[in-house]
Each structure stands twice: as C-alpha cells, then as structure tokens.
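Visitor: after the sequence you'll find the predicted model.
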Amino acid sequence: MNLRGPAVLLTAALIALHATPAMAANILTNPGFESGLSGWSCTGGQVVSSPVHGGSRALQATPQGSDYARCQQVVTVRPNTTYQLSAWVQGDYVFLGATGTGVNASTWGAPGGAWGQLRTSFTTGASTTSVSVHVNGWYGQGAYHADDVVLDGPGGTPDTQAPSVPGGLSAGGATSSSLTLSWSASTDNVGVAHYELSRDNGAPVTVTGTSHQATGLAASTTYRFKVRACDAAGNCSAYTPEASGTTTGGGGGPSKRLMVGYLHASFANGSGYIRMSDVPGEWDIINLAFGEPTSVTSGDIRFRQCPAAECPNVEPEADFIAAIRAKQAQGKKVLISIGGQNGQVQLTTPAARDKFVESVAAIIDRYGLDGLDIDFEGHSLYLNPGDTSLANPATPVIVNLIAALKSLKSRYGAAFTLTMAPETFFVQLGYQFYGPGPNGAADSRSASYLPVIHAMRNDLTLLHVQDYNSGPIKGLDDQYHTMGGHDFHVAMTDMLLAGFPIMGNPANVFPPLRQDQVAIGLPASVNAGNGFTTVAEVQKAFDCLAKGTNCGTYRPRGVYPGLRGLMAWSINWDRYNGYEFSRSHRAYLNALN
C-alpha cells in the first residue's frame, strides 16, 4: 500500500482533537470497548485502561509479522442507506473501514500519540444486509489505540435464520501427524460466510471452504470432529454428527515413558537426605530442588547443597558432580529447579532478567546439568490489569521470564531440557479466570503461567502441572473436580491436551500441547502434599487418558497414547514411603510401551 502523503490525508481524516462527535444512532455493539472485546473479533488486541478517549477503556492492538492486528464487528444494516463511520485513534498508520456486499469504505491517518478522529461514509447497495466494520494498524508500525467507534445510521432487521447443517463429514488422508476433513456445503439459501470445525469438542477453528487439514496431531491417535455452518450475522447451524479419524503410527508417541522426580538437594524437609548416587534407577529426570533468589526481585539465583548440620550424610561436591555424570551416562537428565514454595522470583526489570540468565547458566555450568525446571509458585507470576493477550503479554514479570528462558535455550541449543511444574491455579483455572479479570476483582495471579507456557511451547520438553495442593477446578465438562481421585487427573490433563478457551472465550484459546510434552504431577506419598492419589487411582487415570479405558464420570475429549509419564514430589518422600510410587508406576509405564 502506498503510504506517502500522510499530511494531506490527515487534513481530511483527522478532526480537531477531543471534539464531541454528533451521533444520531450508533448501531455498533460495545463501541467504546467498555465491555472488553465483547462484540468484536480481534487479532493481537486487548482492552486497556490508559490511554482512553472516552469512558474507562480503549482498544490496544499490535501488528505482528504480516498481521495488521485487525479488530472487526459484523453489524446488520439496511439496503440503499447512507451510513457515517468514525473512530478516535492513536498511533502510526491506523485504518478504519467497512466491507460488505457492494461496500468497500476505508480511510486512514497517523495521529501519533494524540487522539484524532477518522471519518468515512458509505451507501449500502440494494442487497446489502450486513457490513463488517474494522479498525487495524499496518506492518511494523507498533501498537495503535482505538476508542468510541461509531456507525451512525439505522439498524437493519436482525438476521436470526441459521444456515442448514452441512452433510457428509469424513476424516481421511491420515498421516502420522495430520488428517484431512471434508464435508458437503450447506444446502439452503441463507448464505454461508464460513464453517466452524471442532476437534474433540474443543474450540472451533474457522474454515472458509468445505475441507480442512488438521495438523500437529499425535501418531496412532483417534480424533473426533464435527462441523457447522455460520452466516455473516453470526447465526450458526447445529453441528454435524461426529466423524472419527485415526493418525498412522510412527513418531507420535514417546520411545519411553518418563518418570520425573524432585530430589531434596538443598534441604532435608523431614524425609531425609538422599545422595545423588543413591537415587533409584526408576527416575528418568531428576530435578534438583531448589535454586532460590537472593531477593524476590534480584533475579540472582543461587544453589547450594544441603548443609551438613541439616543433612549429616551429604556428599562432597566433587562426589555430587561425579554422581550427576554417572546418572547422565545412564541416560538420565539432571536439571536445576528454580523456585519452589519459598523461592519467590519476580523478574520485574531487564536487569533482573539478565541476572537470572547469568546466574542460572552459572549453576548449569558448574554442575554440568542438562537444563532447567521452572517451579514458580506464590506471587512470582501475575498479570497486570488489561493484559489479556495470550500471545503478546505485557506484564514485565511475564515478558522478562519468557525472554530469559529463550535466552537460555539459545545459549545451550537443542539438547537443553526445559520443564515446568505450575499449580492448577496458574494453568487450568484459566478456563474461568485470567489475571484480575474485566472488573479487576479476580486474583491477578490466576492462570498467569499460560502466556509463559504458550511462548515456550516449541521449546518445552515437559509440562507436569501439580495435581495436588489444589482447590476444586472446573473442567471442560463445566463441572468442578476435586483432587485425590482419578477423575481430577483426567480432567486436568485433558485440558492441556485438548486446549481450552480462556475465561470461556472461544476467540481466546489456549491451544493443546503435544502429548509427549505432558506428564501428570503427583505427591509421592501422603506426607508429600495434599491430594495424594493411590497407585490404583493414578493408573486408572492413565488408562483412561492413554487407552480410553477404565474411565470414570469424566470422559476426555480424545485418547492420548502419547501421554509422556508421571512426575512426583518427591524422590525423598517416595523412599520414605518404601518406594511405592516409583516401583509401582515404573512397572506400569514400562508395560504400556
């Protein structure tokens, strides 16, 4: 697009700042974004409390790559009628327009940091019954703001008739990671704007044709699909009956199920100290607990072996390092775990971010470790008011942690092992709450791990959410599930593998993780944490998830044969309990492969 001559266009497009627009009838829904993004469909957009033109909220959106960060709304209009469209905007190159049958209105301006008003108009054609009003930015131009969008004119008669149900849905063309879906077009004359395809009852994806290739699937896995037709006014048909498809084998599941355990390397905690050389062979990943900061906001992480006064049998550092090498020679991974119950880490500044990278790397290098486990709890992570974008978070403690993890991954390369152990409060609670919420009344820490997990999903080795020390959590069946039984583990794990709409918003979805990236986190004994689950109940949950058998009242959205394994807090408490966890579950997992 030719963007020369902005000063000339601004003369026509930008009206005097903060002038009150004359309105006869604004037919847009939520024109000032006071109700969040309700009524709008946005990419890269969020609602902020500053700056605003009117009221207490405004839109902020940031173009990314080839995306303009468009925010749009479909509205019914009358044929052969003239409409006035306006919006107050800030930023470099902000566009306002409307499209529809016979309608293609557009204007733009570059008001910079001051509010300026964009205005245009259009006349609908004889058959125009709806238009899509939009505001967006431009390539590489940074964030823009918009507020008080007005479509001035008479509303149309609402279209309430949905298209007919599509037919003939089938799933074929299977590979080890994809399936091809196809269906017959809706047959009535209402007019289909798009189709919505749902996998395993998850949030639907929008498809403009009558076929779609579902990619990123696990091998040897059965998936269920259904599709519906939607018109431009947002009316959708009922879904088709489900069609199932199964991916082929090869490359989808793990070559070995993993057992992850935390070793009390810096403290005893009543369970007794275990030397590294004495860690049983059942454990595949050994997380050294814990590296902790010198202060909450310093980013300076330190690790030391348990002092002899607390752990009389602690080995010399040279023996500790030699034992790590011996475990690695057996194919084990040894990681430093950062945080824990007492290790609050808030990377509020770039300086803290850089110190975190430097100090964690120093620990990894000193002991020759394979990577890092993030076990941030308490008040380490939170979301600021208005920070609602999963893909583009703005809260410093989130942004700086993501940058630090990417830096460490870049430093150590593809072999770097990255795991995370958040509590359910910081992940699955996002189905209901995300940060402080629209009215600012929710806990700002709610689901604050989600943007970190999402940003690192291509580099994440394993996510093992702590299915313990948790309150009741609502699952994808919209029922609350309580820890301690197999249904809780099935429901919580299903959310990670099926994905879920954040705060129930289908336009803001946490996408599913790969099956090989997910393990179930558990206490190793009744002494280790609230929510202990018996061996039989754990294996019943794993059967349900990995084989589709032995399920209870909760039915997962799919079957997940690639589910990677189990995590336990802790190796020390497992020994204290006679190795019931590691020996029972190692035998069970081995029998699954």
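Guide: Looks like it arrived, so ask away.

Visitor: please report how far Ala318 lies from Asp478.
Guide: 56 Å (C-beta to C-beta, to the nearest Å). The C-beta positions use only the backbone N, C-alpha and C, and glycine is treated the same way.

Visitor: nope, Leu496 is what I was after
Guide: 17 Å.

Visitor: in this protein, what spans have low per-residue confidence?
Guide: Counting by pLDDT under 70, the chain has low-confidence residues at 1-24, 156-157, 159, 176, 188-190, 218-220, 248-255, 593.

Visitor: give me the residue at the spatial middle of it.
Guide: Phe510 (3.4 Å; C-alpha atoms, centre = their mean).

Visitor: neighbour count for Leu496 and Asp478, which is higher?
Guide: Leu496 (25 against 9; other C-beta atoms under 10 Å).

Visitor: OK, contacts around Ser582?
Guide: Under the criterion of C-beta atoms under 8 Å, 6 or more residues apart in numbering, the neighbours of Ser582 are Met259, Gly261, Pro280, Glu282, Trp283, Ala524, Ala568, Ile571, Asp574.

Visitor: I meant to write Leu450 there.
Guide: Residues near Leu450 by C-beta under 8 Å, 6+ apart: Leu390, Phe426, Val427, Gly430, Tyr434, Ile502, Phe510.

Visitor: what packs against the helix or strand containing Trp108?
Guide: Secondary structure from DSSP states H and E places Trp108 in strand 103-109. When contacts are defined as 3 or more C-beta pairs under 8 Å, 6 or more residues apart in numbering; DSSP states H and E, strand 103-109 packs onto helix 6-13, strand 94-100, strand 112-123.

Visitor: turn those into CSV, including distance to Gly548.
Guide: Shown next, in CSV, are the helices and strands packed on strand 103-109 (distance: least, C-beta to C-beta, whole Å):
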stretch, distance to Gly548
helix 6-13, 59
strand 94-100, 46
strand 112-123, 54
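
Visitor: please identify the deepest-packed of the ones you listed.
Guide: Ranked by mean neighbour count, the helices and strands packed on strand 103-109 are led by strand 94-100 with a mean of 22 (mean count of other C-beta atoms under 10 Å).

Visitor: what about the residue lying closest to Thr160 once chain neighbours are set aside, neighbour count?
Guide: Spatial nearest neighbour of Thr160, chain neighbours left out: Asn235 (6.3 Å); criterion: C-beta to C-beta, 6 or more residues apart in numbering. Asn235 has 16 neighbouring residues, counting by other C-beta under 10 Å.

Visitor: ok, Asn235 touching Pro163?
Guide: Yes - at 7.3 Å, Asn235 counts as touching Pro163 under the criterion of C-beta atoms under 8 Å.

Visitor: how close does Cys236 get to Pro163?
Guide: 8 Å.

Visitor: how far out from the middle of the chain is the helix or strand that Ser337 is a member of?
Guide: Using DSSP H and E, Ser337 falls within strand 333-339. Distance, stretch centre to chain centre, for strand 333-339: 23 Å (C-alpha atoms, centre = their mean, to the nearest Å).

Visitor: give the next helix or strand downstream of that strand.
Guide: helix 350-367.

Visitor: by contact count, what packs against that following helix?
Guide: strand 285-293, strand 301-302, helix 317-329, strand 333-339, strand 371-375, helix 396-412.

Visitor: so which of these gets nearest Ser211?
Guide: Each of the helices and strands packed on helix 350-367 has some distance to Ser211 by C-beta to C-beta; the shortest is helix 396-412, at 35.7 Å.

Visitor: so what sits against both of Cys236 and Pro163?
Guide: Joint contacts of Cys236 and Pro163 (C-beta under 8 Å, 6+ apart) are Ala229, Cys230.
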